[in-house]
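Engineer: for reference, the sequence and a predicted model appear below.
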2 protein chains.
Amino acid sequence: MLDKSKRYLIVGLGLLGGKYALELTRAGYHVDGINRSQGHLQYALDHGYIQSGKTQDFEDLVAGADHIIFGLYPTTLIQWFETYGHLLKPGCIFTDVSGVKTGLVDQIQTLCPPGVEFIASHPMAGRETSSVEHAAEVNFAPANFIITPTEKNTPEGIAWVTELAQVLGFEHICTLSVQEHDRMIGYVSQLCHAIAVSLMCANDNTSLCEYTGDSFRDLTRIARINETMWSELFLWNKENLIAEIDQFDEALHQLRSALEAGDREGLEEMFRLSTQRRAAFDKKDR
Amino acid sequence: MLDKSKRYLIVGLGLLGGKYALELTRAGYHVDGINRSQGHLQYALDHGYIQSGKTQDFEDLVAGADHIIFGLYPTTLIQWFETYGHLLKPGCIFTDVSGVKTGLVDQIQTLCPPGVEFIASHPMAGRETSSVEHAAEVNFAPANFIITPTEKNTPEGIAWVTELAQVLGFEHICTLSVQEHDRMIGYVSQLCHAIAVSLMCANDNTSLCEYTGDSFRDLTRIARINETMWSELFLWNKENLIAEIDQFDEALHQLRSALEAGDREGLEEMFRLSTQRRAAFDKKDR
(Lines give C-alpha, C1' and ligand atoms only; values in the text may rest on other atoms or scores of the structure.)
Protein backbone atom coordinates (compact mmCIF):
# COMPACT_ATOMS: atom_id res chain seq x y z
CA MET A 1 0.00 0.00 0.00
CA LEU A 2 0.94 3.66 -0.18
CA ASP A 3 3.89 4.74 1.95
CA LYS A 4 2.51 6.39 5.10
CA SER A 5 5.66 8.44 5.65
CA LYS A 6 4.93 10.48 2.53
CA ARG A 7 3.35 13.92 2.75
CA TYR A 8 0.13 14.49 0.82
CA LEU A 9 -1.11 17.86 -0.37
CA ILE A 10 -4.60 18.60 -1.67
CA VAL A 11 -4.87 21.71 -3.82
CA GLY A 12 -8.51 22.76 -4.06
CA LEU A 13 -10.72 21.57 -1.22
CA GLY A 14 -13.99 21.22 -3.07
CA LEU A 15 -16.29 18.23 -3.00
CA LEU A 16 -13.75 15.79 -4.43
CA GLY A 17 -10.60 17.35 -2.99
CA GLY A 18 -12.32 17.36 0.40
CA LYS A 19 -13.31 13.71 0.07
CA TYR A 20 -9.75 12.73 -0.93
CA ALA A 21 -8.41 14.60 2.11
CA LEU A 22 -10.92 12.95 4.42
CA GLU A 23 -10.23 9.42 3.16
CA LEU A 24 -6.44 9.79 3.17
CA THR A 25 -6.49 11.23 6.69
CA ARG A 26 -8.79 8.41 7.85
CA ALA A 27 -6.35 5.91 6.36
CA GLY A 28 -3.54 7.40 8.45
CA TYR A 29 -1.69 9.62 5.97
CA HIS A 30 -0.32 13.09 6.57
CA VAL A 31 -2.48 15.47 4.53
CA ASP A 32 -2.12 19.23 4.07
CA GLY A 33 -4.38 21.50 2.05
CA ILE A 34 -4.32 24.62 -0.08
CA ASN A 35 -7.53 26.43 -0.86
CA ARG A 36 -8.50 29.81 -2.27
CA SER A 37 -11.24 30.55 0.26
CA GLN A 38 -10.51 30.63 3.97
CA GLY A 39 -13.99 29.39 4.89
CA HIS A 40 -13.72 26.01 3.22
CA LEU A 41 -10.11 25.59 4.36
CA GLN A 42 -11.27 26.23 7.93
CA TYR A 43 -14.05 23.64 7.50
CA ALA A 44 -11.48 21.04 6.41
CA LEU A 45 -9.26 21.94 9.38
CA ASP A 46 -12.14 21.96 11.88
CA HIS A 47 -13.32 18.55 10.71
CA GLY A 48 -9.86 17.05 10.72
CA TYR A 49 -9.76 16.43 6.96
CA ILE A 50 -6.30 18.05 6.82
CA GLN A 51 -3.55 18.60 9.37
CA SER A 52 -2.56 22.06 8.16
CA GLY A 53 -3.52 24.37 5.36
CA LYS A 54 -3.03 27.76 3.76
CA THR A 55 -4.76 30.11 1.35
CA GLN A 56 -1.52 31.96 0.38
CA ASP A 57 2.28 31.88 0.93
CA PHE A 58 2.02 28.12 0.58
CA GLU A 59 5.30 27.57 -1.28
CA ASP A 60 6.65 25.44 1.61
CA LEU A 61 3.67 23.10 1.44
CA VAL A 62 4.13 22.65 -2.32
CA ALA A 63 7.89 22.08 -2.06
CA GLY A 64 7.46 19.62 0.82
CA ALA A 65 4.80 17.43 -0.80
CA ASP A 66 5.59 13.91 -1.99
CA HIS A 67 2.19 13.61 -3.61
CA ILE A 68 -0.28 16.26 -4.71
CA ILE A 69 -3.91 15.92 -5.72
CA PHE A 70 -5.36 18.78 -7.72
CA GLY A 71 -9.07 19.28 -7.13
CA LEU A 72 -9.22 22.19 -9.59
CA TYR A 73 -11.00 22.90 -12.86
CA PRO A 74 -8.69 22.37 -15.87
CA THR A 75 -8.16 26.07 -16.65
CA THR A 76 -7.36 26.85 -13.02
CA LEU A 77 -5.04 23.88 -12.78
CA ILE A 78 -2.97 25.02 -15.75
CA GLN A 79 -2.77 28.59 -14.42
CA TRP A 80 -1.76 27.33 -10.98
CA PHE A 81 0.86 25.04 -12.45
CA GLU A 82 2.37 27.77 -14.63
CA THR A 83 2.90 29.82 -11.46
CA TYR A 84 3.88 27.19 -8.89
CA GLY A 85 4.76 24.06 -10.86
CA HIS A 86 8.49 24.69 -10.64
CA LEU A 87 8.26 24.32 -6.84
CA LEU A 88 7.39 20.61 -6.98
CA LYS A 89 10.27 18.51 -5.73
CA PRO A 90 11.96 15.73 -7.73
CA GLY A 91 10.25 12.43 -7.05
CA CYS A 92 6.87 14.03 -6.58
CA ILE A 93 4.07 12.06 -8.26
CA PHE A 94 0.73 13.81 -8.53
CA THR A 95 -2.72 13.49 -10.04
CA ASP A 96 -5.91 15.48 -10.68
CA VAL A 97 -9.67 14.84 -10.64
CA SER A 98 -10.61 16.50 -13.89
CA GLY A 99 -13.47 15.24 -16.04
CA VAL A 100 -11.64 16.05 -19.31
CA LYS A 101 -8.08 15.17 -20.24
CA THR A 102 -7.24 16.27 -23.80
CA GLY A 103 -5.20 19.47 -23.80
CA LEU A 104 -4.76 19.26 -20.04
CA VAL A 105 -2.58 16.20 -19.55
CA ASP A 106 -0.04 17.03 -22.27
CA GLN A 107 0.26 20.65 -21.12
CA ILE A 108 0.84 19.77 -17.47
CA GLN A 109 3.24 16.94 -18.37
CA THR A 110 5.24 19.38 -20.52
CA LEU A 111 5.39 21.87 -17.66
CA CYS A 112 6.61 19.25 -15.15
CA PRO A 113 10.09 19.90 -13.68
CA PRO A 114 12.63 17.04 -14.07
CA GLY A 115 11.84 14.00 -11.92
CA VAL A 116 8.25 15.07 -11.35
CA GLU A 117 5.43 12.89 -12.73
CA PHE A 118 1.83 13.75 -13.52
CA ILE A 119 -0.40 10.69 -13.80
CA ALA A 120 -3.92 11.87 -14.68
CA SER A 121 -7.07 10.25 -13.34
CA HIS A 122 -10.79 10.85 -13.18
CA PRO A 123 -13.02 9.76 -10.29
CA MET A 124 -16.42 9.39 -11.98
CA ALA A 125 -18.42 10.12 -8.86
CA GLY A 126 -21.77 11.79 -9.38
CA ARG A 127 -22.07 15.21 -7.85
CA GLU A 128 -25.38 16.99 -7.65
CA THR A 129 -23.91 18.89 -4.71
CA SER A 130 -20.61 20.72 -4.43
CA SER A 131 -18.19 22.07 -1.80
CA VAL A 132 -16.24 20.47 1.01
CA GLU A 133 -19.26 20.55 3.33
CA HIS A 134 -20.76 17.69 1.30
CA ALA A 135 -17.52 15.73 0.85
CA ALA A 136 -18.36 13.18 3.53
CA GLU A 137 -21.56 12.23 1.64
CA VAL A 138 -19.68 11.14 -1.50
CA ASN A 139 -19.52 7.38 -2.01
CA PHE A 140 -16.67 6.21 -4.22
CA ALA A 141 -17.37 2.47 -3.97
CA PRO A 142 -19.78 2.11 -6.92
CA ALA A 143 -18.05 4.74 -9.09
CA ASN A 144 -15.44 4.23 -11.79
CA PHE A 145 -11.92 5.49 -11.25
CA ILE A 146 -10.28 6.01 -14.63
CA ILE A 147 -6.54 6.31 -15.05
CA THR A 148 -5.35 7.96 -18.28
CA PRO A 149 -1.62 7.31 -18.64
CA THR A 150 0.50 8.63 -21.50
CA GLU A 151 3.88 7.48 -22.82
CA LYS A 152 5.45 9.88 -20.31
CA ASN A 153 4.16 7.89 -17.34
CA THR A 154 6.13 5.24 -15.47
CA PRO A 155 4.95 1.94 -13.97
CA GLU A 156 5.62 3.52 -10.56
CA GLY A 157 3.35 6.44 -11.29
CA ILE A 158 0.54 4.15 -12.49
CA ALA A 159 1.00 1.86 -9.47
CA TRP A 160 0.82 4.84 -7.12
CA VAL A 161 -2.44 6.22 -8.51
CA THR A 162 -3.96 2.73 -8.58
CA GLU A 163 -3.21 2.27 -4.90
CA LEU A 164 -4.54 5.75 -4.21
CA ALA A 165 -7.85 4.76 -5.82
CA GLN A 166 -7.97 1.65 -3.64
CA VAL A 167 -7.34 3.67 -0.47
CA LEU A 168 -10.11 6.04 -1.53
CA GLY A 169 -12.50 3.10 -1.73
CA PHE A 170 -13.02 2.72 -5.49
CA GLU A 171 -13.97 -0.82 -6.45
CA HIS A 172 -13.85 -0.24 -10.21
CA ILE A 173 -10.51 0.98 -11.45
CA CYS A 174 -9.66 1.00 -15.14
CA THR A 175 -7.27 2.49 -17.64
CA LEU A 176 -8.06 4.38 -20.85
CA SER A 177 -6.01 6.56 -23.15
CA VAL A 178 -6.63 10.31 -22.93
CA GLN A 179 -8.47 10.18 -26.26
CA GLU A 180 -10.60 7.17 -25.32
CA HIS A 181 -11.50 8.77 -22.01
CA ASP A 182 -12.68 12.01 -23.57
CA ARG A 183 -14.68 10.28 -26.30
CA MET A 184 -16.32 8.03 -23.70
CA ILE A 185 -17.11 10.93 -21.35
CA GLY A 186 -18.51 12.94 -24.27
CA TYR A 187 -21.11 10.23 -24.79
CA VAL A 188 -21.97 8.74 -21.40
CA SER A 189 -21.85 11.96 -19.41
CA GLN A 190 -21.66 15.20 -21.38
CA LEU A 191 -24.18 14.32 -24.11
CA CYS A 192 -26.63 13.23 -21.38
CA HIS A 193 -26.23 16.58 -19.63
CA ALA A 194 -26.58 18.46 -22.93
CA ILE A 195 -29.85 16.60 -23.60
CA ALA A 196 -31.25 17.13 -20.11
CA VAL A 197 -30.46 20.84 -20.24
CA SER A 198 -31.99 21.19 -23.72
CA LEU A 199 -35.12 19.35 -22.62
CA MET A 200 -35.62 21.81 -19.75
CA CYS A 201 -34.80 24.83 -21.92
CA ALA A 202 -37.05 23.74 -24.82
CA ASN A 203 -40.30 24.49 -23.07
CA ASP A 204 -41.51 26.67 -20.25
CA ASN A 205 -42.89 23.61 -18.58
CA THR A 206 -44.01 25.21 -15.32
CA SER A 207 -47.64 24.34 -15.98
CA LEU A 208 -46.77 20.76 -16.88
CA CYS A 209 -45.07 19.86 -13.61
CA GLU A 210 -48.13 18.24 -12.16
CA TYR A 211 -48.50 15.81 -15.07
CA THR A 212 -44.98 14.51 -15.27
CA GLY A 213 -44.19 10.92 -14.51
CA ASP A 214 -41.03 8.95 -13.92
CA SER A 215 -39.70 9.31 -17.47
CA PHE A 216 -39.53 13.10 -17.41
CA ARG A 217 -38.16 13.08 -13.87
CA ASP A 218 -35.44 10.60 -14.87
CA LEU A 219 -34.42 12.50 -17.99
CA THR A 220 -34.14 15.88 -16.32
CA ARG A 221 -32.66 15.01 -12.91
CA ILE A 222 -29.21 16.06 -14.12
CA ALA A 223 -30.51 19.34 -15.57
CA ARG A 224 -29.64 20.92 -12.21
CA ILE A 225 -26.11 21.72 -13.07
CA ASN A 226 -23.14 23.70 -11.76
CA GLU A 227 -22.90 26.15 -14.64
CA THR A 228 -19.25 27.11 -14.09
CA MET A 229 -17.92 23.57 -13.93
CA TRP A 230 -20.01 22.21 -16.77
CA SER A 231 -19.37 25.05 -19.22
CA GLU A 232 -15.67 24.49 -18.50
CA LEU A 233 -15.96 20.72 -19.08
CA PHE A 234 -18.07 21.17 -22.22
CA LEU A 235 -15.66 23.68 -23.75
CA TRP A 236 -12.62 21.55 -22.98
CA ASN A 237 -14.21 18.60 -24.72
CA LYS A 238 -15.88 20.61 -27.47
CA GLU A 239 -14.91 18.47 -30.50
CA ASN A 240 -15.99 15.19 -28.94
CA LEU A 241 -19.20 16.61 -27.54
CA ILE A 242 -20.18 18.25 -30.84
CA ALA A 243 -19.57 14.94 -32.62
CA GLU A 244 -21.76 13.14 -30.08
CA ILE A 245 -24.52 15.74 -30.33
CA ASP A 246 -24.48 15.36 -34.14
CA GLN A 247 -24.64 11.58 -33.93
CA PHE A 248 -27.52 11.76 -31.45
CA ASP A 249 -29.28 14.34 -33.61
CA GLU A 250 -29.00 12.06 -36.61
CA ALA A 251 -30.76 9.28 -34.70
CA LEU A 252 -33.45 11.69 -33.50
CA HIS A 253 -33.98 12.87 -37.08
CA GLN A 254 -34.25 9.30 -38.27
CA LEU A 255 -37.03 8.80 -35.73
CA ARG A 256 -38.68 12.08 -36.73
CA SER A 257 -38.59 11.09 -40.44
CA ALA A 258 -40.14 7.70 -39.73
CA LEU A 259 -42.83 9.44 -37.71
CA GLU A 260 -43.55 12.03 -40.40
CA ALA A 261 -43.74 9.34 -43.09
CA GLY A 262 -46.04 7.21 -40.94
CA ASP A 263 -43.41 4.49 -41.21
CA ARG A 264 -44.49 2.16 -38.41
CA GLU A 265 -41.92 -0.47 -39.34
CA GLY A 266 -39.11 2.11 -39.18
CA LEU A 267 -40.19 3.20 -35.72
CA GLU A 268 -40.51 -0.35 -34.45
CA GLU A 269 -37.04 -1.15 -35.75
CA MET A 270 -35.54 1.70 -33.72
CA PHE A 271 -37.54 0.66 -30.66
CA ARG A 272 -36.30 -2.92 -30.97
CA LEU A 273 -32.69 -1.76 -31.31
CA SER A 274 -32.91 0.54 -28.30
CA THR A 275 -34.63 -2.15 -26.25
CA GLN A 276 -32.04 -4.74 -27.16
CA ARG A 277 -29.10 -2.42 -26.40
CA ARG A 278 -30.59 -1.25 -23.12
CA ALA A 279 -31.30 -4.86 -22.11
CA ALA A 280 -27.66 -5.82 -22.78
CA PHE A 281 -26.67 -2.82 -20.72
CA ASP A 282 -28.88 -3.86 -17.78
CA LYS A 283 -27.23 -7.28 -17.87
CA LYS A 284 -23.73 -5.83 -17.69
CA ASP A 285 -24.78 -3.11 -15.31
CA ARG A 286 -23.81 -3.44 -11.72
CA MET B 1 -69.59 5.50 -4.73
CA LEU B 2 -70.15 3.37 -7.83
CA ASP B 3 -73.29 1.27 -7.86
CA LYS B 4 -72.32 -2.31 -6.98
CA SER B 5 -75.33 -3.78 -8.76
CA LYS B 6 -73.90 -2.70 -12.12
CA ARG B 7 -72.07 -5.17 -14.36
CA TYR B 8 -68.55 -4.27 -15.42
CA LEU B 9 -66.84 -5.57 -18.52
CA ILE B 10 -63.13 -5.30 -19.28
CA VAL B 11 -62.22 -5.62 -22.96
CA GLY B 12 -58.51 -6.34 -23.28
CA LEU B 13 -56.91 -7.96 -20.25
CA GLY B 14 -53.44 -6.53 -20.54
CA LEU B 15 -51.43 -4.86 -17.80
CA LEU B 16 -53.92 -2.04 -17.24
CA GLY B 17 -57.10 -3.93 -18.11
CA GLY B 18 -55.97 -6.66 -15.74
CA LYS B 19 -55.28 -4.17 -12.95
CA TYR B 20 -58.70 -2.52 -13.41
CA ALA B 21 -60.35 -5.97 -13.23
CA LEU B 22 -58.40 -6.88 -10.11
CA GLU B 23 -59.19 -3.64 -8.27
CA LEU B 24 -62.88 -3.60 -9.22
CA THR B 25 -63.28 -7.24 -8.16
CA ARG B 26 -61.47 -6.51 -4.88
CA ALA B 27 -63.84 -3.62 -4.28
CA GLY B 28 -66.80 -5.98 -4.64
CA TYR B 29 -68.03 -5.33 -8.18
CA HIS B 30 -69.19 -7.89 -10.72
CA VAL B 31 -66.50 -7.95 -13.44
CA ASP B 32 -66.45 -9.94 -16.68
CA GLY B 33 -63.68 -9.99 -19.27
CA ILE B 34 -63.12 -10.28 -23.00
CA ASN B 35 -59.67 -11.04 -24.32
CA ARG B 36 -58.20 -12.16 -27.63
CA SER B 37 -55.86 -14.77 -26.17
CA GLN B 38 -57.17 -17.65 -24.08
CA GLY B 39 -54.00 -17.81 -21.97
CA HIS B 40 -54.31 -14.37 -20.43
CA LEU B 41 -58.06 -14.73 -20.02
CA GLN B 42 -57.46 -17.97 -18.14
CA TYR B 43 -54.89 -16.23 -15.93
CA ALA B 44 -57.47 -13.58 -15.02
CA LEU B 45 -60.05 -16.26 -14.28
CA ASP B 46 -57.64 -18.41 -12.28
CA HIS B 47 -56.61 -15.45 -10.15
CA GLY B 48 -60.14 -14.26 -9.60
CA TYR B 49 -59.66 -10.96 -11.42
CA ILE B 50 -62.89 -11.64 -13.37
CA GLN B 51 -65.98 -13.75 -12.70
CA SER B 52 -66.43 -14.92 -16.27
CA GLY B 53 -64.80 -14.29 -19.61
CA LYS B 54 -64.73 -15.12 -23.29
CA THR B 55 -62.44 -14.88 -26.28
CA GLN B 56 -65.30 -15.06 -28.84
CA ASP B 57 -69.11 -15.14 -29.10
CA PHE B 58 -69.11 -12.53 -26.37
CA GLU B 59 -72.10 -10.52 -27.65
CA ASP B 60 -74.10 -11.32 -24.50
CA LEU B 61 -71.35 -9.91 -22.25
CA VAL B 62 -71.23 -6.70 -24.28
CA ALA B 63 -75.02 -6.29 -24.35
CA GLY B 64 -75.28 -6.99 -20.62
CA ALA B 65 -72.59 -4.55 -19.45
CA ASP B 66 -73.50 -1.36 -17.61
CA HIS B 67 -69.90 -0.15 -17.80
CA ILE B 68 -67.07 -1.15 -20.10
CA ILE B 69 -63.36 -0.41 -19.81
CA PHE B 70 -61.37 -0.77 -23.00
CA GLY B 71 -57.77 -1.80 -22.39
CA LEU B 72 -56.98 -1.75 -26.12
CA TYR B 73 -54.64 0.21 -28.36
CA PRO B 74 -56.44 3.06 -30.20
CA THR B 75 -56.51 1.34 -33.61
CA THR B 76 -57.81 -1.91 -32.13
CA LEU B 77 -60.38 -0.04 -30.06
CA ILE B 78 -61.83 1.68 -33.14
CA GLN B 79 -61.92 -1.59 -35.11
CA TRP B 80 -63.59 -3.38 -32.20
CA PHE B 81 -66.14 -0.61 -31.79
CA GLU B 82 -67.02 -0.54 -35.47
CA THR B 83 -67.88 -4.24 -35.22
CA TYR B 84 -69.47 -4.51 -31.79
CA GLY B 85 -70.30 -0.94 -30.72
CA HIS B 86 -73.96 -1.26 -31.73
CA LEU B 87 -74.39 -3.98 -29.07
CA LEU B 88 -73.84 -1.58 -26.14
CA LYS B 89 -77.08 -1.03 -24.26
CA PRO B 90 -78.65 2.39 -23.63
CA GLY B 91 -77.39 3.85 -20.37
CA CYS B 92 -73.97 2.22 -20.73
CA ILE B 93 -71.13 4.57 -19.77
CA PHE B 94 -67.65 3.44 -20.71
CA THR B 95 -64.04 4.54 -20.80
CA ASP B 96 -60.64 3.55 -22.18
CA VAL B 97 -57.00 3.65 -21.00
CA SER B 98 -55.37 5.06 -24.13
CA GLY B 99 -52.33 7.34 -23.98
CA VAL B 100 -53.51 9.47 -26.91
CA LYS B 101 -56.95 10.99 -27.40
CA THR B 102 -57.06 13.10 -30.59
CA GLY B 103 -58.78 11.22 -33.40
CA LEU B 104 -59.88 8.50 -31.01
CA VAL B 105 -62.37 10.21 -28.73
CA ASP B 106 -64.34 11.96 -31.47
CA GLN B 107 -64.49 8.80 -33.61
CA ILE B 108 -65.75 6.61 -30.80
CA GLN B 109 -68.21 9.24 -29.59
CA THR B 110 -69.59 9.51 -33.13
CA LEU B 111 -69.99 5.73 -33.32
CA CYS B 112 -71.86 5.54 -29.98
CA PRO B 113 -75.44 4.24 -30.18
CA PRO B 114 -78.12 6.50 -28.66
CA GLY B 115 -78.00 6.71 -24.85
CA VAL B 116 -74.47 5.34 -24.69
CA GLU B 117 -71.66 7.59 -23.38
CA PHE B 118 -67.90 7.40 -23.91
CA ILE B 119 -65.95 9.39 -21.33
CA ALA B 120 -62.25 9.07 -22.18
CA SER B 121 -59.51 8.82 -19.57
CA HIS B 122 -55.82 8.06 -19.29
CA PRO B 123 -54.21 6.34 -16.29
CA MET B 124 -50.61 7.65 -16.46
CA ALA B 125 -49.12 4.63 -14.76
CA GLY B 126 -45.57 3.71 -15.76
CA ARG B 127 -45.26 0.37 -17.44
CA GLU B 128 -41.89 -1.15 -18.12
CA THR B 129 -43.65 -4.51 -18.07
CA SER B 130 -46.76 -5.62 -19.86
CA SER B 131 -49.46 -8.35 -19.71
CA VAL B 132 -51.96 -9.37 -17.09
CA GLU B 133 -49.35 -11.43 -15.21
CA HIS B 134 -47.80 -8.17 -13.98
CA ALA B 135 -51.09 -6.36 -13.32
CA ALA B 136 -50.92 -6.88 -9.55
CA GLU B 137 -47.56 -5.03 -9.44
CA VAL B 138 -48.98 -1.79 -10.84
CA ASN B 139 -49.39 0.98 -8.28
CA PHE B 140 -51.93 3.63 -9.22
CA ALA B 141 -51.61 5.74 -6.05
CA PRO B 142 -48.80 8.07 -7.18
CA ALA B 143 -49.89 8.22 -10.84
CA ASN B 144 -52.06 10.83 -12.54
CA PHE B 145 -55.50 9.87 -13.78
CA ILE B 146 -56.52 12.25 -16.54
CA ILE B 147 -60.10 12.67 -17.68
CA THR B 148 -60.60 14.23 -21.12
CA PRO B 149 -64.26 15.18 -21.48
CA THR B 150 -65.75 16.72 -24.62
CA GLU B 151 -68.95 18.69 -25.14
CA LYS B 152 -70.69 15.36 -25.71
CA ASN B 153 -70.09 14.21 -22.13
CA THR B 154 -72.58 14.56 -19.29
CA PRO B 155 -71.96 15.43 -15.64
CA GLU B 156 -73.03 11.85 -14.86
CA GLY B 157 -70.40 10.40 -17.16
CA ILE B 158 -67.65 12.57 -15.64
CA ALA B 159 -68.81 11.71 -12.11
CA TRP B 160 -68.76 7.99 -12.93
CA VAL B 161 -65.20 7.97 -14.30
CA THR B 162 -63.99 10.13 -11.39
CA GLU B 163 -65.39 7.61 -8.92
CA LEU B 164 -63.88 4.78 -10.95
CA ALA B 165 -60.46 6.40 -10.59
CA GLN B 166 -60.97 6.68 -6.84
CA VAL B 167 -61.96 3.01 -6.56
CA LEU B 168 -58.83 2.13 -8.56
CA GLY B 169 -56.70 3.97 -6.00
CA PHE B 170 -55.63 7.08 -7.93
CA GLU B 171 -54.84 9.97 -5.62
CA HIS B 172 -54.30 12.51 -8.41
CA ILE B 173 -57.27 12.95 -10.69
CA CYS B 174 -57.49 15.86 -13.09
CA THR B 175 -59.28 17.03 -16.20
CA LEU B 176 -57.80 18.27 -19.49
CA SER B 177 -59.24 18.83 -22.93
CA VAL B 178 -58.33 16.24 -25.57
CA GLN B 179 -55.97 18.76 -27.20
CA GLU B 180 -54.30 19.79 -23.93
CA HIS B 181 -53.84 16.16 -22.98
CA ASP B 182 -52.13 15.22 -26.22
CA ARG B 183 -49.84 18.26 -26.23
CA MET B 184 -48.86 17.57 -22.63
CA ILE B 185 -48.25 13.86 -23.28
CA GLY B 186 -46.18 14.73 -26.36
CA TYR B 187 -43.77 16.64 -24.15
CA VAL B 188 -43.64 14.91 -20.77
CA SER B 189 -43.81 11.34 -22.04
CA GLN B 190 -43.40 10.82 -25.79
CA LEU B 191 -40.54 13.29 -26.34
CA CYS B 192 -38.69 11.67 -23.42
CA HIS B 193 -39.10 8.25 -24.99
CA ALA B 194 -38.03 9.56 -28.41
CA ILE B 195 -34.86 10.99 -26.81
CA ALA B 196 -34.03 7.86 -24.84
CA VAL B 197 -34.48 5.68 -27.93
CA SER B 198 -32.36 8.01 -30.07
CA LEU B 199 -29.64 8.07 -27.44
CA MET B 200 -29.43 4.27 -27.48
CA CYS B 201 -29.60 4.09 -31.28
CA ALA B 202 -26.99 6.83 -31.82
CA ASN B 203 -24.05 4.74 -30.77
CA ASP B 204 -23.17 1.09 -30.51
CA ASN B 205 -22.36 1.61 -26.89
CA THR B 206 -21.72 -2.00 -25.92
CA SER B 207 -18.11 -1.25 -25.04
CA LEU B 208 -19.10 1.79 -23.00
CA CYS B 209 -21.42 -0.03 -20.58
CA GLU B 210 -18.81 -0.37 -17.91
CA TYR B 211 -18.11 3.35 -17.77
CA THR B 212 -21.64 4.63 -17.49
CA GLY B 213 -22.83 6.38 -14.39
CA ASP B 214 -26.19 7.46 -13.04
CA SER B 215 -26.83 10.06 -15.72
CA PHE B 216 -26.70 7.63 -18.64
CA ARG B 217 -28.68 5.03 -16.69
CA ASP B 218 -31.37 7.60 -15.86
CA LEU B 219 -31.66 8.88 -19.42
CA THR B 220 -31.97 5.49 -21.05
CA ARG B 221 -34.08 3.55 -18.55
CA ILE B 222 -37.17 4.10 -20.70
CA ALA B 223 -35.36 3.02 -23.89
CA ARG B 224 -36.67 -0.50 -23.20
CA ILE B 225 -39.93 -0.05 -24.95
CA ASN B 226 -42.89 -2.08 -26.18
CA GLU B 227 -42.43 -1.38 -29.89
CA THR B 228 -46.01 -2.13 -30.92
CA MET B 229 -47.63 0.08 -28.32
CA TRP B 230 -45.21 2.97 -28.66
CA SER B 231 -45.19 3.12 -32.44
CA GLU B 232 -48.98 3.22 -32.21
CA LEU B 233 -48.94 6.01 -29.62
CA PHE B 234 -46.29 8.00 -31.52
CA LEU B 235 -48.18 7.78 -34.81
CA TRP B 236 -51.48 8.76 -33.22
CA ASN B 237 -49.88 11.86 -31.74
CA LYS B 238 -47.59 12.57 -34.69
CA GLU B 239 -48.21 16.33 -35.06
CA ASN B 240 -47.69 17.12 -31.37
CA LEU B 241 -44.64 14.89 -31.07
CA ILE B 242 -42.98 16.31 -34.18
CA ALA B 243 -43.56 19.83 -32.82
CA GLU B 244 -41.98 18.82 -29.50
CA ILE B 245 -39.01 17.16 -31.20
CA ASP B 246 -38.45 20.34 -33.24
CA GLN B 247 -38.63 22.55 -30.16
CA PHE B 248 -36.20 20.30 -28.29
CA ASP B 249 -33.91 20.18 -31.30
CA GLU B 250 -33.84 23.96 -31.43
CA ALA B 251 -32.67 24.12 -27.81
CA LEU B 252 -30.04 21.45 -28.49
CA HIS B 253 -28.81 23.41 -31.50
CA GLN B 254 -28.61 26.57 -29.43
CA LEU B 255 -26.36 24.69 -27.01
CA ARG B 256 -24.30 23.26 -29.87
CA SER B 257 -23.84 26.73 -31.38
CA ALA B 258 -22.70 28.21 -28.09
CA LEU B 259 -20.28 25.32 -27.73
CA GLU B 260 -18.92 25.71 -31.25
CA ALA B 261 -18.46 29.46 -30.79
CA GLY B 262 -16.74 28.94 -27.45
CA ASP B 263 -19.51 31.08 -25.95
CA ARG B 264 -19.12 30.31 -22.26
CA GLU B 265 -21.70 32.90 -21.21
CA GLY B 266 -24.27 31.40 -23.60
CA LEU B 267 -23.71 27.94 -22.14
CA GLU B 268 -23.90 29.18 -18.57
CA GLU B 269 -27.14 30.98 -19.33
CA MET B 270 -28.75 27.74 -20.55
CA PHE B 271 -27.40 25.87 -17.53
CA ARG B 272 -28.84 28.49 -15.18
CA LEU B 273 -32.24 28.32 -16.89
CA SER B 274 -32.36 24.52 -16.79
CA THR B 275 -31.25 24.50 -13.15
CA GLN B 276 -33.86 27.04 -12.16
CA ARG B 277 -36.68 25.24 -13.99
CA ARG B 278 -35.68 21.86 -12.61
CA ALA B 279 -35.46 23.30 -9.09
CA ALA B 280 -38.98 24.72 -9.39
CA PHE B 281 -40.07 21.32 -10.60
CA ASP B 282 -38.48 19.54 -7.64
CA LYS B 283 -40.36 21.87 -5.34
CA LYS B 284 -43.71 21.11 -6.95
CA ASP B 285 -42.84 17.47 -7.38
CA ARG B 286 -44.50 15.00 -5.13
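Structural biologist: Yes, it's here.
Engineer: quick check: phi and psi on residue A:89?
Structural biologist: phi -90, psi 150 (degrees, to the nearest 10).
Engineer: list the contacts of it.
Structural biologist: A:63-66, A:116 (C-beta atoms under 8 Å, 6 or more residues apart in numbering or on different chains). (Each C-beta comes from the backbone N, C-alpha and C, glycine too.)
Engineer: straight-line length of stretch A:206-221, end to end?
Structural biologist: In stretch A:206-221, first residue to last residue: 15 Å (C-alpha to C-alpha, to the nearest Å).
Engineer: buried stuff in it?
Structural biologist: Under the neighbour-count criterion of 16 or more other C-beta atoms under 10 Å in any protein chain shown, stretch A:206-221 has A:208-209, A:211-221 buried.
Engineer: now, those that are in strands?
Structural biologist: Taking DSSP state E, every one of the buried residues of stretch A:206-221 sits outside strands.
Engineer: phi and psi next, for the residue nearest in space to the middle of chain A.
Structural biologist: Geometric centre of chain A, nearest residue: residue A:99, 3.4 Å, by C-alpha atoms, centre = their mean. The phi and psi values for residue A:99, taken as degrees, to the nearest 10, are phi -80, psi -10.
Engineer: how far away is it from residue B:271?
Structural biologist: Using C-beta to C-beta, to the nearest Å, residue A:99 is found at 15 Å from residue B:271.
Engineer: so who does residue A:168 touch?
Structural biologist: A:19-20, A:23-24, A:123, A:140, A:145.
Engineer: out of the buried residues of stretch A:206-221, which touch chain B?
Structural biologist: A:208-209, A:211-221 (C-beta under 8 Å from any C-beta of the partner chain).
Engineer: what subset of the contacts of residue A:168 is buried?
Structural biologist: A:19-20, A:23-24, A:123, A:140, A:145.
Engineer: pipe these into TSV and attach pLDDT per row.
Structural biologist: TSV is the format used below for these (pLDDT from 0 to 100):
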residue	pLDDT
A:19	97
A:20	97
A:23	97
A:24	97
A:123	95
A:140	94
A:145	95
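Engineer: so which of the residues you listed sit within helices?
Structural biologist: A:19-20, A:23-24 (DSSP state H).
Engineer: what residues sit buried inside the lengthiest helix in chain A?
Structural biologist: Assignment by DSSP H gives helix A:238-260 as the longest helix of chain A. Using 16+ other C-beta under 10 Å as the test for burial, helix A:238-260 gives A:238, A:240-242, A:244-245, A:247-249, A:251-252, A:254-256, A:258-259.
Engineer: for stretch A:118-137, same thing?
Structural biologist: For stretch A:118-137, using 16+ other C-beta under 10 Å, the buried residues are A:118-125, A:127, A:132, A:135.
Engineer: and those residues as JSON lines, adding distance to residue A:178?
Structural biologist: Listed next are the buried residues of stretch A:118-137 as JSON lines, based on distance: C-beta to C-beta, whole Å:
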{"residue": "A:118", "distance to residue A:178": "12"}
{"residue": "A:119", "distance to residue A:178": "12"}
{"residue": "A:120", "distance to residue A:178": "7"}
{"residue": "A:121", "distance to residue A:178": "11"}
{"residue": "A:122", "distance to residue A:178": "10"}
{"residue": "A:123", "distance to residue A:178": "16"}
{"residue": "A:124", "distance to residue A:178": "15"}
{"residue": "A:125", "distance to residue A:178": "20"}
{"residue": "A:127", "distance to residue A:178": "22"}
{"residue": "A:132", "distance to residue A:178": "28"}
{"residue": "A:135", "distance to residue A:178": "27"}
